[in-house]
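1. What follows is a predicted structure for the sequence shown.
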Amino acid sequence: MNFGLGQRKPPTVEFADEGRILAEGQKDGERNIPEMGSYTPAPFEQALISHGEQAVQQIYKNASGSIAKLRPIDELSSVLKKHEA
């Protein structure tokens with residue numbers, strides 16, 4: 001470039017400055033963080049979540065059935081213990 005009298009060369013900006021790279025990355029990252037609760041799972045993730053919920057419900061159903069079968073035995077044993085005392 002040819003600069004005439006009275007014109008100054010503009011200051012050079014160091015784009016490879018590590019501090020500047022980190023600062024710009026931080027600002028960019030902060031701008032792109034979604035609001036809390038605004039995340040919507042993708043269809044595949046929704047399917048995984050649904051499958052997991054169904055599996056938990058099945059486990060709960062099986063466990064509650066087993067517990068219900070044991071309950072009369074527990075009640076009977078507590079009644080017998082009262083009569084023995």
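-> Perfect, I can see it now.
2. quick one: residue 62 from residue 22, how far?
-> 53 Å (Cβ to Cβ, to the nearest Å). C-beta coordinates here come from the backbone N, C-alpha and C atoms, glycine included.
3. Now do the strands in the chain.
-> Counting by DSSP state E, the chain has no strands at all.
4. Please enumerate the helices of it.
-> 18-31, 43-84 (DSSP state H).
5. Would you mind saying which of these lies nearest residue 37?
-> Closest to residue 37 of the helices of the chain is helix 43-84 (Cβ to Cβ; 15.7 Å).
6. pLDDT averaged over the closest one - what is it?
-> Mean per-residue pLDDT for helix 43-84: 84.
7. what's around residue 59, how many residues?
-> Residues near residue 59, counting by other Cβ atoms under 10 Å, number 10.
8. Over to residue 57?
-> Residues near residue 57, counting by other Cβ under 10 Å: 10.
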